[in-house]
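K.L.:
Predicted model and sequence follow; I will ask about them next.
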Amino acid sequence: MSMLWRYGSLRLCRAAWIQSPGKPVHVLRCLSMQRYSIEERGRPNTKEYRIFFKNSDGKFISPFHDIPLYAGTEENNDVPAKKLKSSWDKSVFNMVVEVPRWTNAKMEIATKEELNPIKQDIKKGKLRFVSNVFPHKGYIWNYGALPQTWEDPSHKDQDTNCFGDNDPIDVCEIGSKVCSRGDVIQVKVLGVLGLLDEGEMDWKIIAINTDDPEADKFNDIEDVRKYKPGYLEATVEWLRSYKVPDGKPENQFGFNGEFKNQAFAIDVIKNTHDYWKDMIHKKAESGEIQCKNVLVRESPFCCGQDEASTIVNSVPSLGESAPISSEVDVWHFLKK
């Protein structure tokens, strides 16, 4: 049965399966005030599974390059709109949800594939699932990325002396709602944590969904300590130890694991947006990153919709989900 949510007069459609005697039929899910929708391809829980994005015109787009970073920006711009409403909050950004809270599959924007669909990460030839490290089940936030940002691997952070990890900047969204893969939500940035992931700078933005009932109470990182005591400490512990069950050492942090405030976080975001602009306009070396886009003005990587559709149609149609190994449900207890 399909499911339907209403927010005021707005209708948002959630993904659904209609089971028939033949193969299942997929019902499209509409996202973010009907501005974006997703098209799933391949079999879920397999290496071929992909989530592609469409805009409100039905055009296939890249969630990495074609969704604006700034929530007050027109879709076909790659910089903030020149004229914004005075009430526009400059701490609010678009976020692409890759991993819903409490789930284990390590889904991510495929930066090295054309149109950058969401796919599951692969390690040593196997689909990657994060371990359940007691007392946490899967990810403890809605996890995703800010579009139109890039942690440039040629840029050395002056505070940590580490180079960027070559990905969009990550977001840990702390609101009460559990989002879905491929949701595009607007988040208020509260602060940032400087994770050093195997020697690379891997910023983790702390943010809250602007639709959260308590969003107005959260305006900086200290509000998280006040209204969600223990959440920041749990965030540090999770990020420090989530790779340990896989035989890797604990992750380290810049600034002695101190969370930096909203102003610092916004500066980090602005810098990574500038790095992205240089890359998408071919002013910086992109390496293996795929910069193909549909909407970024004056980008040499911009392509037409026919080419974008060909990329999507090269992936098999959506099929039945493959079973998931029972190992995903195993709990790991680490010595302190």
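P.N.:
Noted; the coordinates are in hand.

K.L.:
What does Lys277 show for phi and psi?
P.N.:
Here is the backbone geometry of Lys277 (degrees, to the nearest 10): phi -60, psi -40.

K.L.:
Check the one 10 residues further on too.
P.N.:
Recorded main-chain torsions at Gly287 are phi 60, psi -130, according to degrees, to the nearest 10.

K.L.:
what's the distance between it and Ser154?
P.N.:
9 Å (Cβ to Cβ, to the nearest Å). Backbone N, C-alpha and C define where each C-beta goes, glycine included.

K.L.:
and stretch 57-75, which residues are buried?
P.N.:
59-73, 75 (16 or more other Cβ atoms under 10 Å).

K.L.:
Tell me how far it lies from the chain's centre.
P.N.:
Put simply, stretch 57-75 sits 14 Å off its chain's centre (Cα atoms, centre = their mean, to the nearest Å).

K.L.:
Average pLDDT for that stretch, rounded please.
P.N.:
Averaging pLDDT along stretch 57-75 gives 91.

K.L.:
do the same with stretch 204-218
P.N.:
97.

K.L.:
Restricting to C-alpha, output it in PDB.
P.N.:
The C-alpha trace of stretch 204-218 is given here as PDB (Å, rounded to 0.1, in the frame of the first residue of the first chain):
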ATOM      1  CA  LYS A 204      31.200  16.500  10.800                       C
ATOM      2  CA  ILE A 205      28.600  19.300  10.800                       C
ATOM      3  CA  ILE A 206      26.100  19.100  13.700                       C
ATOM      4  CA  ALA A 207      22.700  20.400  12.500                       C
ATOM      5  CA  ILE A 208      18.900  20.100  13.100                       C
ATOM      6  CA  ASN A 209      16.100  19.700  10.600                       C
ATOM      7  CA  THR A 210      14.300  23.100  10.400                       C
ATOM      8  CA  ASP A 211      11.000  21.100  10.400                       C
ATOM      9  CA  ASP A 212      11.800  19.700  13.900                       C
ATOM     10  CA  PRO A 213       9.200  20.800  16.500                       C
ATOM     11  CA  GLU A 214      12.100  22.100  18.700                       C
ATOM     12  CA  ALA A 215      14.200  23.600  16.000                       C
ATOM     13  CA  ASP A 216      13.700  27.200  17.300                       C
ATOM     14  CA  LYS A 217      15.400  26.200  20.600                       C
ATOM     15  CA  PHE A 218      18.600  25.200  18.800                       C
END
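
K.L.:
So that it lines up with my notes, have the first residue be 884 from now on.
P.N.:
All set: I'll call the first residue 884, so the last point we hit is now stretch 1087-1101.

K.L.:
related to what we said a few turns ago, the buried residues of stretch 940-958: which two are farthest apart?
P.N.:
Phe943 and Gly955 (24.2 Å; Cβ to Cβ).

K.L.:
Can you give me the separation between the nearest residue to Phe1012 once chain neighbours are set aside and Glu996?
P.N.:
Excluding its sequence neighbours, the residue lying closest to Phe1012 (Cβ to Cβ, 6 or more residues apart in numbering) is Asn987, at 4.3 Å. According to Cβ to Cβ, Asn987 stands 22 Å off from Glu996.

K.L.:
Now do the SS call for the spatially most central residue of the chain.
P.N.:
Centrality entry for the chain: nearest residue to the mean C-alpha point is Gly1027, 2.2 Å, by Cα atoms, centre = their mean. Three-state assignment for Gly1027 (DSSP: H, G, I helix; E, B strand; the rest coil): strand.

K.L.:
my read: it touches Val980, true?
P.N.:
Yes - counting by Cβ atoms under 8 Å, Gly1027 does reach Val980; the two are 4.3 Å apart.

K.L.:
what residues are shared contacts of these two?
P.N.:
Jointly contacting Gly1027 and Val980 under the rule Cβ atoms under 8 Å, 6 or more residues apart in numbering are Glu1056.

K.L.:
Tell me which other helices or strands the lengthiest strand in the chain touches.
P.N.:
In the chain, assigned by DSSP state E, the strand with the most residues is strand 1067-1080. Packing contacts for strand 1067-1080, counted by 3 or more Cβ pairs under 8 Å, 6 or more residues apart in numbering; DSSP states H and E, involve strand 975-982, strand 1053-1056, strand 1083-1092, helix 1104-1110, helix 1114-1124, strand 1135-1136, helix 1145-1163.
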